[in-house]
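J.: generate coordinates for the sequence data below:
(chains A and B, ligands or ions: 2)
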Amino acid sequence: MQTNSRFRAKKILGKILIYGTISLALIVVLLPLYWSLSTSIKPEKTILHIPIEFFPSGFTLSHYSNIFNIIPFSNYLVNSAIITGGTLFISLVFGSIAAYGLSRYKFPGSGGLLGLIIGARMIPPIAFVIPLYLMISSFGLLDTHLGVILTHCSIVLPFTIWIMKGFFDELPRDFEEAALVDGCSRLGALRVALRLALPGLFVAGIFGFIESWNEFMFALTITRSPASTTATVGLVGLLQTPYQIPWGEIMAGVFLFTLPIFVLGYFVEKHMARVYVVGTVK
Amino acid sequence: MKVTLEQVTKKFGKTIAVDNMNLEIRERDFLVLLGPSGCGKTTTLRLIAGLETSDSGNIYIGDTLVNDLPPKDRNIAMVFQSYALYPYMSVYDNIAFPLKIRKVPREEIRKRVRNIAELLKIEELLSRKPGQLSGGQRQRVALGRAMVREPDVFLMDEPLSNLDAKLRIHMRGELKKMHQRLRTTTIYVTHDQAEAMSMATRIAIMDRGVLQQVGSPKEVYDHPANAFVGGFIGSPPMNMWEGDLVEKNGKLKIDTSFFSYPLPPDLKEIAASKVTLGVRPEDVTIDKEKGSNAIKVRIDVIEPMGRELLVTLVSGDATIKMITPSDRTFRIGDKLKIKFKEGKLHIFEGKPL
Ligand SMILES: Nc1ncnc2c1ncn2[C@@H]1O[C@H](COP(=O)(O)OP(=O)(O)OP(=O)(O)O)[C@@H](O)[C@H]1O
Ligand SMILES: [Mg+2]
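T.: Ligands and ions are numbered 1, 2, ... in the order given. You can find the predicted model right below:
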């Protein structure tokens, strides 16, 4: 009896520890989000109110309509979507083909090439800002979607290659060889391999999405006008408003901007468990 | 369709996986490529499939030189050791895949997949995914995918090695039946000599990339071309002793360091004087005559094997395995005289393995 209750106490203590840690992590992660959401619905007067209003005393949606009026925010969101989509498309298509080649064929310098690709990924992007700016400028792609897409690919493409090569390396060749014998060309076999490495494509896609959607520095240097400005750059631009910074609108913009990531997170979470299982190839 | 390999060599860096191989697989053969692990069986099969390119030599399927043909144009079908069923496709789609690639009309595909499924008794599995099948079922699906196209040649790489012993024996029979019905030329890789003996119409034995002997199961069992083949085929393995061939008073005999034994005169052609004497355990018999050339031995170990006994005998430092009917009682330590059955002695040039 004695040991039984002690064991129970230990179990309860363990649970408290686990839930305590999780709650702490949740607070750290969710507080900024909560703050942007609550600020975005506070009436103008109460935003900078002291003492701080943790729970808003009033409610308004005016910031949400204002943000679309004071800046071309819908343009910015569309730009972000086009740039993210373009980056994903280029990175996933070329990245997986490159990764397949690196994984399946040994050629002189193939090892060094992979090192170079991963190395490029480890250098802080700020080191590339100026050279990339000059390149994009000489291509005549300043202030265009494609210009930003190319700079984003410089980050996302190496990562895609790296992830996909890992998945292809894990994939037994038997499947592709079976496809070859069954009547496929090399390209057909690549399709079979890609279908099997789908979880990898998924992981690389999520990473690329987050990376490109959130990217600020390259977008800032390449974009000029509403034709190409992304939401990140546009929102930060609001901080330069003379007189009073429109915190409510900024927070409304931030909340709208982060929403897709959360929607993505929700869907991914359901699939993630499967990704881990399938990723180990059976 | 026959398959011919002409002086085919394949190297991986310094390893010679297949060494100057000449082999003809006749139409309707069930040829088993047999040999120890790493001897180049899979490589040979992959060369025929077109999944590897040879460094030199020619491969013909029928009368067509296929050296530069990609696998898809060779009209071969392969069953992989891992089965390599596409995990994201249903059984139906797996079997239909080779036909879909070849743009066979849908109705025709349906008909042929149904036929194959019926033949292999997997009709009720057609909508399942490979992950939901047992090993034996997967094996049958892999076979179905290979058969559906009616290829010229079947290539199979140890397709039974992932199955448990009982299912393996069952599937051996099934495969044999299948071959008798379809009569498609089949090249089958295994390192299991019992499997080879029971399934093959002909066996090709390889060692370290070199083809050692090709022949029917009976030929390679009764007349092994060299000590390697003699030792590799048969279980328990052949007894072997190194010795000198000597001729005295017109009579031939072999002197080993343990015993001396007379040989029939027809073994005379062997040029080397250093030879290996091989005798299968079932060809060792107890000698009851007096004053013969029998070898004196002592019983060391007795292992009952059901109908028979495997008896390990010692004579000096030599051990001799004997298989004998279990109706006699033996005791460990008993002294016996043995001889070898006439016409069942094998003399190989050089040293035993
Ligand atoms: N892709 C490769 N790269 C380098 N060496 C290889 C490769 N494939 C096979 N080899 C080598 O070639 C030799 C023959 O290999 P192979 O796979 O044909 O043997 P195997 O007879 O099928 O053996 P097992 O019974 O173990 O399957 C081995 O020494 C092996 O290490
Ligand atoms: Mg093999």
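
J.: can you give me the helices in chain B?
T.: Under the criterion DSSP state H, chain B contains helices at B:41-49, B:91-101, B:106-120, B:135-147, B:165-182, B:193-199, B:217-222, B:227-232.

J.: hmm, the fourth one touching chain A?
T.: Yes: for a cut-off given as C-beta under 8 Å from any C-beta of the partner chain, helix B:135-147 has contacts with chain A, namely B:R145. All C-beta spots, glycine's among them, are computed from the backbone N, C-alpha and C.

J.: can you tell me which residues in chain B are near ligand 1?
T.: When proximity is defined by C-beta under 6 Å from any ligand atom, chain B lies next to ligand 1 at B:F12, B:T15, B:A17, B:G35, B:S37, B:G38, B:C39, B:G40, B:K41, B:T42, B:T43, B:H191.

J.: make JSON lines out of the helices of chain B and add mean neighbour count and mean pLDDT.
T.: What follows is the helices of chain B, written out as JSON lines (neighbours: other C-beta atoms under 10 Å in any protein chain shown; pLDDT from 0 to 100):
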{"stretch": "helix B:41-49", "mean neighbour count": "24", "mean pLDDT": "96"}
{"stretch": "helix B:91-101", "mean neighbour count": "22", "mean pLDDT": "95"}
{"stretch": "helix B:106-120", "mean neighbour count": "15", "mean pLDDT": "92"}
{"stretch": "helix B:135-147", "mean neighbour count": "23", "mean pLDDT": "91"}
{"stretch": "helix B:165-182", "mean neighbour count": "15", "mean pLDDT": "88"}
{"stretch": "helix B:193-199", "mean neighbour count": "19", "mean pLDDT": "92"}
{"stretch": "helix B:217-222", "mean neighbour count": "17", "mean pLDDT": "95"}
{"stretch": "helix B:227-232", "mean neighbour count": "23", "mean pLDDT": "93"}
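
J.: including distance to A:G115, could these go into TSV?
T.: Converted to TSV, these look like this (distance: least, C-beta to C-beta, whole Å):
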stretch	distance to A:G115
helix B:41-49	31
helix B:91-101	37
helix B:106-120	47
helix B:135-147	39
helix B:165-182	46
helix B:193-199	46
helix B:217-222	51
helix B:227-232	45
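
J.: where does chain A dip in pLDDT?
T.: Across chain A, the ranges flagged by pLDDT under 70 are A:1-3, A:271-282.

J.: do you know which of the helices of chain B lies nearest A:L157?
T.: When the helices of chain B are compared by C-beta to C-beta, helix B:91-101 sits nearest A:L157, at 31.0 Å.

J.: now residue 158: closest residue in space, sequence neighbours ignored.
T.: By default, I'm working from chain A. A:R121 (4.1 Å; C-beta to C-beta, 6 or more residues apart in numbering or on different chains).

J.: wrong one, I was asking about chain B
T.: The shortest distance from B:E158 to any residue other than its chain neighbours is 4.6 Å, reached at B:Q81 (C-beta to C-beta, 6+ apart).

J.: related to what we said a few turns ago, quick one: closest of the helices of chain B to A:C153.
T.: It is, among those and with distance given as C-beta to C-beta, helix B:91-101, at 33.2 Å.

J.: run through who's touching the closest one.
T.: When contacts are defined by C-beta atoms under 8 Å, 6 or more residues apart in numbering or on different chains, helix B:91-101 is touched by residues A:179, A:182-184, A:188, B:72, B:77, B:85-86, B:89, B:108-109, B:112-113, B:116-117, B:122, B:125-130, B:133, B:141, B:144-145, B:148-149.

J.: mind doing that once more with 7 Å?
T.: Helix B:91-101 is contacted from outside by A:182-184, A:188, B:85-86, B:89, B:109, B:112-113, B:116, B:122, B:125-128, B:130, B:141, B:144-145, B:148-149, using C-beta atoms under 7 Å, 6 or more residues apart in numbering or on different chains.

J.: now stretch B:200-217
T.: Contacts to stretch B:200-217, defined as C-beta under 7 Å, 6+ apart, come from residues B:16-19, B:21, B:23, B:29-36, B:39-41, B:196-197, B:220, B:224-226, B:228-229, B:232.

J.: quick one, domains of chain A?
T.: Split into domains by automatic domain parsing, chain A comes to A:2-46, A:72-281.

J.: tell me the most buried of those domains?
T.: domain A:72-281 (a mean of 18; mean count of other C-beta atoms under 10 Å in any protein chain shown).

J.: chain center to that one, what's the gap?
T.: 8 Å (C-alpha atoms, centre = their mean, to the nearest Å).

J.: does ligand 1 sit close to it?
T.: No: judged by C-beta under 6 Å from any ligand atom, domain A:72-281 makes no contact with ligand 1; its nearest approach is 9.5 Å.

J.: enumerate the residues of the stretch 151-282 of chain A near chain B.
T.: Taking C-beta under 7 Å from any C-beta of the partner chain as the contact definition, the stretch 151-282 of chain A meets chain B at A:172, A:174-175, A:177-178, A:180-185, A:188, A:192, A:195, A:282.

J.: farthest pair within those?
T.: Between any two of those (C-beta to C-beta), the greatest distance is 26.4 Å, for A:S185 and A:K282.

J.: just the buried residues out of the residues of chain B next to ligand 1, in PyMOL syntax.
T.: To isolate the buried ones among the residues of chain B next to ligand 1 in PyMOL, judged by 16 or more other C-beta atoms under 10 Å in any protein chain shown, type:
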select buried, chain B and resi 17+35+39+40+41+42+43+191
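
J.: still on that earlier bit, the residue nearest to B:E158: how many residues sit nearby?
T.: Close neighbours of B:Q81, defined as other C-beta atoms under 10 Å in any protein chain shown, add up to 16.

J.: that one contacts B:L155, correct?
T.: No: with contact defined as C-beta atoms under 7 Å, B:Q81 does not reach B:L155; the gap is 11.3 Å.

J.: who does the longest helix seen in chain A touch, helix- and strand-wise?
T.: Longest helix of chain A, by residue count under DSSP H: helix A:2-41. Here helix A:2-41 touches helix A:247-279, going by 3 or more C-beta pairs under 7 Å, 6 or more residues apart in numbering or on different chains; DSSP states H and E.

J.: how far off centre is stretch B:330-350?
T.: Counting by C-alpha atoms, centre = their mean, stretch B:330-350 comes out at 26 Å from the chain centroid.

J.: can you point out the buried residues in that stretch?
T.: Judged by neighbour count using 16+ other C-beta under 10 Å, the buried positions of stretch B:330-350 are B:L336, B:I338, B:K339, B:F340, B:L345, B:H346, B:I347, B:F348.

J.: which outside residues touch it?
T.: Defining contact as C-beta under 7 Å, 6+ apart, one finds that stretch B:330-350 is touched by B:224, B:226-227, B:230, B:263, B:267, B:270, B:272, B:274-280, B:283-287, B:292-300, B:302, B:311, B:313, B:320, B:322.

J.: what residues does the residue nearest to B:E158 make contact with?
T.: Contact partners of B:Q81, counting by C-beta under 7 Å, 6+ apart, are B:D157, B:E158, B:P159, B:S161.

J.: A:L102 now?
T.: A:S110, A:L113, A:L114, A:K165.

J.: please report how far the third one lies from A:M164.
T.: It stands for A:L114. Noted for A:L114: a distance of 12 Å to A:M164, by C-beta to C-beta, to the nearest Å.

J.: what does stretch B:187-196 contact?
T.: The list of residues contacting stretch B:187-196 from outside it, by C-beta under 7 Å, 6+ apart, reads B:3, B:25, B:30-37, B:41-42, B:45, B:48, B:153, B:155-158, B:160, B:172, B:199, B:203, B:232-233, B:235.

J.: start to end distance for it?
T.: Across its full length, stretch B:187-196 reaches 11 Å between end residues, using C-alpha to C-alpha, to the nearest Å.

J.: pull the distance from that stretch to the chain's centre.
T.: The chain centre lies 4 Å from the centre of stretch B:187-196; the measure is C-alpha atoms, centre = their mean.

J.: now swap in stretch B:72-87 and tell me
T.: 21 Å.

J.: now it: buried residues?
T.: Residues B:72, B:74-86 are the ones in stretch B:72-87 that count as buried (16+ other C-beta under 10 Å).
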